[in-house]
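*Asks:* this one's structure only:
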């Protein structure tokens, strides 16, 4: 039987682990029976080599064995990024979850506190007044009553607490950034996943295919954002009907103005909460609103609610301007605290 040292040696020799070996390696990492310095060596070496499809899938299998799953909501939608892109944007996928839900899609937004970025989805939602530590019964109530809930990752994957300090000590993106969006507690079949590196688009799509995803976009904005962007080209790997297709889109095609990086900068949790409130209330327009429109319209497209992105932009813009999105936020605050 292979040892953890064998796995480290293979990776340092630039040899990919197969699914079973990867699952075994992560079983050992999460068991807390491996020395911290060896885990750090493994994760950094894996990142340098580049994670393979089988390595990612094996890790997902390992973590899912200990996960708490909520059944009955596989038709819900998740919008989630890997983080680790270093772009310092506000929490775009988080606000898009609210806009998408207000547009009629059931959204089970999965996320965490910041690890490799300044502010995670859990941080900003807490700042907005949402209770993120919910019992299973309350989560189901939220999804049924208002089509929206936040699923705080540590509550569903408590085993990952065993590596939380190690991730912080490493301070850089690792395979755990990739794994986060692949571990939906409701096992949703439709997703938009933003990745920090365009080179892993197809890899993540291949893992989604193995997981039985119906339809998803894996996106890299201008090869620097873990979401669709209005600053340049967007690179996409789409999985649909068990087939993966790569293509590019530019927000200019849909009538959105090209924005600058600095237009999309956020800040700490308080600052990002102010931005989200401002957009949902209709007080903030321009680049910050446009990038929310683009990502939210894409969510509608993935859910077969629209025929093209341009018509989706009109729908989500109307949803915001009508006050439905801000009401959806207030509903979530009220219901999670009741």
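*Replies:* Alright, I've got the coordinates. Every value quoted in this text rests on a predicted model; they were computed, and no experiment measured them. Numbering: from 1, shown residues only.
*Asks:* run through the stretch 101-250 of the chain and note the low-pLDDT ranges.
*Replies:* Within the stretch 101-250 of the chain, the stretches with pLDDT under 70 are 115-118.
*Asks:* all strands of it, in order?
*Replies:* Taking DSSP state E, counting those that start in this stretch as the criterion, the stretch 101-250 of the chain carries its strands at 107-111, 148-152, 190-194, 215-221, 233-240, 243-250.
*Asks:* and the fourth one, how far out from the chain's middle?
*Replies:* When you say that, I think you mean strand 215-221. 10 Å (CA atoms, centre = their mean, to the nearest Å).
*Asks:* got it, and the third one?
*Replies:* Between the centre of strand 190-194 and the centre of its host chain there is 7 Å, according to CA atoms, centre = their mean.
*Asks:* ok, now the fifth one?
*Replies:* Centroid separation for strand 233-240 versus its chain: 15 Å, with CA atoms, centre = their mean.
*Asks:* now tell me what touches that strand from outside.
*Replies:* 198, 201-202, 204-205, 208-209, 213-223, 228, 244-251 (CB atoms under 8 Å, 6 or more residues apart in numbering). (Each C-beta comes from the backbone N, C-alpha and C, glycine too.)
*Asks:* before we move on, what about the fourth one?
*Replies:* Residues outside strand 215-221 that contact it (CB under 8 Å, 6+ apart): 189-198, 201-202, 204-205, 208, 226-229, 231-232, 234-240, 298, 302-304.
*Asks:* which of those are buried?
*Replies:* Of all the contacts of strand 215-221 considered here, the ones buried according to neighbour count by 16 or more other CB atoms under 10 Å are 189-198, 201, 204-205, 208, 226-229, 231-232, 234-239, 298, 302-303.
*Asks:* domain ranges for the chain?
*Replies:* What automatic domain parsing lists as the domains of the chain is 4-64, 77-336.
*Asks:* okay, the ones you listed, which one's buried deepest?
*Replies:* domain 77-336 (a mean of 20; mean count of other CB atoms under 10 Å).
*Asks:* returning to that earlier point: make a markdown table from the strands of the stretch 101-250 of the chain and add distance to residue 67 to it.
*Replies:* Formatted as a markdown table, the strands of the stretch 101-250 of the chain follow (distance: least, CB to CB, whole Å):
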| stretch | distance to residue 67 |
| --- | --- |
| strand 107-111 | 11 |
| strand 148-152 | 11 |
| strand 190-194 | 16 |
| strand 215-221 | 19 |
| strand 233-240 | 22 |
| strand 243-250 | 25 |
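*Asks:* residue 282 is nearest to which of these?
*Replies:* Checking those against residue 282 by CB to CB gives strand 148-152 as the closest, at 19.5 Å.
*Asks:* that closest one to strand 107-111, inter-axis angle?
*Replies:* Here strand 148-152 runs at an angle of 20 degrees relative to strand 107-111 (axes from the mean of the first three to the mean of the last three CA atoms, to 10 degrees).
*Asks:* which residues does strand 148-152 contact?
*Replies:* For strand 148-152, contacts defined as CB under 8 Å, 6+ apart pick out 70, 97-98, 101, 106-112, 121-122, 125, 130, 132-134, 139, 142-143, 184-186, 328, 331-332, 336.
*Asks:* tell me which of the strands of the stretch 101-250 of the chain sits nearest to residue 54.
*Replies:* Here strand 243-250 is closest among these (CB to CB), at 16.0 Å.
*Asks:* in its sheet, what does that closest one sit against?
*Replies:* strand 233-240 (antiparallel) (DSSP bridges).
*Asks:* hmm, residue 155 is touching residue 131, no?
*Replies:* No: using CB atoms under 8 Å, residue 155 and residue 131 do not qualify as a contacting pair, with a distance of 11.7 Å.
*Asks:* tell me which element the residue nearest to residue 174 when sequence neighbours are not counted is part of?
*Replies:* Nearest residue to residue 174, sequence neighbours excluded (CB to CB, 6 or more residues apart in numbering): residue 43, at 4.6 Å. Here residue 43, judged by DSSP states H and E, is contained in helix 36-49.
*Asks:* tilt between the longest helix anywhere in the chain and strand 243-250?
*Replies:* Longest helix in the chain, counting residues (DSSP state H): helix 287-302. Angle of helix 287-302 versus strand 243-250, following the same axes, to 10 degrees, is 150 degrees.
*Asks:* packing partners of helix 287-302?
*Replies:* Packing partners of helix 287-302 (3 or more CB pairs under 8 Å, 6 or more residues apart in numbering; DSSP states H and E): strand 77-81, helix 92-102, strand 190-194, strand 215-221, helix 269-281, helix 309-321.
*Asks:* what residue lies at the spatial centre of the protein?
*Replies:* Geometric centre of the chain, nearest residue: residue 80, 1.7 Å, by CA atoms, centre = their mean.
*Asks:* from residue 226, how far out is the closest residue to it other than its chain neighbours?
*Replies:* Leaving aside its chain neighbours, residue 80 sits nearest to residue 181 (4.0 Å; criterion: CB to CB, 6+ apart). Separation of residue 181 from residue 226 (CB to CB, to the nearest Å): 9 Å.
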